[in-house]
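Colleague: one predicted model, sequence on top.
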Amino acid sequence: MITPMRTDQEAQLREAVARPLEGWRRIYESFSPVDLKTGKRRSRVPPPGADARRAAVLIPILMEPDGPRIVYTLRKSDLQDHAGQISFPGGSLEPKDDSLLATALREAREEIHLDPSLVEVLGKLEEMYIHVSNFLVSPYVGLLGPEAELALAPNEVEEIFTVSLETLMAPETYQKVIWRRDDGHDYEVPIFSAGGYKIWGATAAMSAALLVRLGWEPR
């Protein structure tokens with residue numbers, strides 16, 4: 001039985017994703033780590049003349065009795081791109097893909113064994129440039145049917161986990177931490193800290209673009 005609360009939540013998500021996000025670039029770039037030595041952070045749009053690789057991800061949302069939950073993956077530590085990071089299912093556009101949406105759905109099938117027929121695609125968020133890998137990523141938001149079963153691809157994914165929208169929007173979940181990178185510099189890194197996981201970088205920024213549409217404000 002579908003409860004009125006669940007129906008309201010689904011309607012809210014549909015409306016939120018369909019609405020363009022004013023100030024999206026500011027939201028995306030606010031999740032870029034800040035070099036505390038130089039004060040600089042990386043842009044989330046390609047530099048002039050950049051020949052960025054096209055890619056797409058799926059932001060899967062499970063409608064659970066306790067509310068919507070976003071599905072995340074922990075990538076294997078030996079992958080070529082974004083090894084060991086928390087991500088959404090996704091990857092590069094391939095010649096066999098009819099569209100970037102097809103890329104997102106194909107990658108979700110490959111990484112978490114998600115049947116594309118069980119995904120209701122609500123829409124696409126704003127494109128994001130990832131400097132370190134030279135990807136221009138198209139994020140698609142999809143609701144998963146109640147019969148959806150997820151299983152990780154062991155050659156790509158270490159773990160699948162979910163976080164509720166309520167938890168992500170809680171004030172204590174959003175934090176700023178100091179990390180030292182291989183270049184010896186300290187960086188201030190905005191994260192979502194939930195259930196022992198630290199969601200940061202592009203994944204956190206795309207999550208924030210959805211949360212802001214739902215009324216969340218970073219504090």
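Modeller: In hand now; what should we look at? Keep in mind that what you see is a predicted model, and the values were worked out from it rather than measured.
Colleague: how about the contacts made by residue 102?
Modeller: By Cβ atoms under 8 Å, 6 or more residues apart in numbering, the contact set of residue 102 is empty. Every C-beta, even on glycine, is put in place using the N, C-alpha and C of the backbone.
Colleague: scan this protein for its longest strand.
Modeller: Criterion DSSP state E: the longest strand present in the chain is strand 53-64.
Colleague: avg pLDDT for the helix or strand following that one?
Modeller: Next along the chain after strand 53-64, taking DSSP states H and E as the criterion, comes strand 67-75. The average pLDDT within strand 67-75 is 93.
Colleague: the protein: helices as residue ranges?
Modeller: Secondary structure of the chain (DSSP state H): helices located at 4-18, 24-29, 100-112, 165-169, 201-213.
Colleague: in the third one, what's buried?
Modeller: Buried residues in helix 100-112, counting neighbours by 16 or more other Cβ atoms under 10 Å, are found at 100-101, 103-109, 111-112.
Colleague: now the closest residue to residue 206 other than its chain neighbours: how far from residue 128?
Modeller: Excluding its sequence neighbours, the residue lying closest to residue 206 (Cβ to Cβ, 6 or more residues apart in numbering) is residue 139, at 4.8 Å. Plainly put, residue 139 is 7 Å away from residue 128 if you go by Cβ to Cβ, to the nearest Å.
Colleague: fine by me, we can end here.
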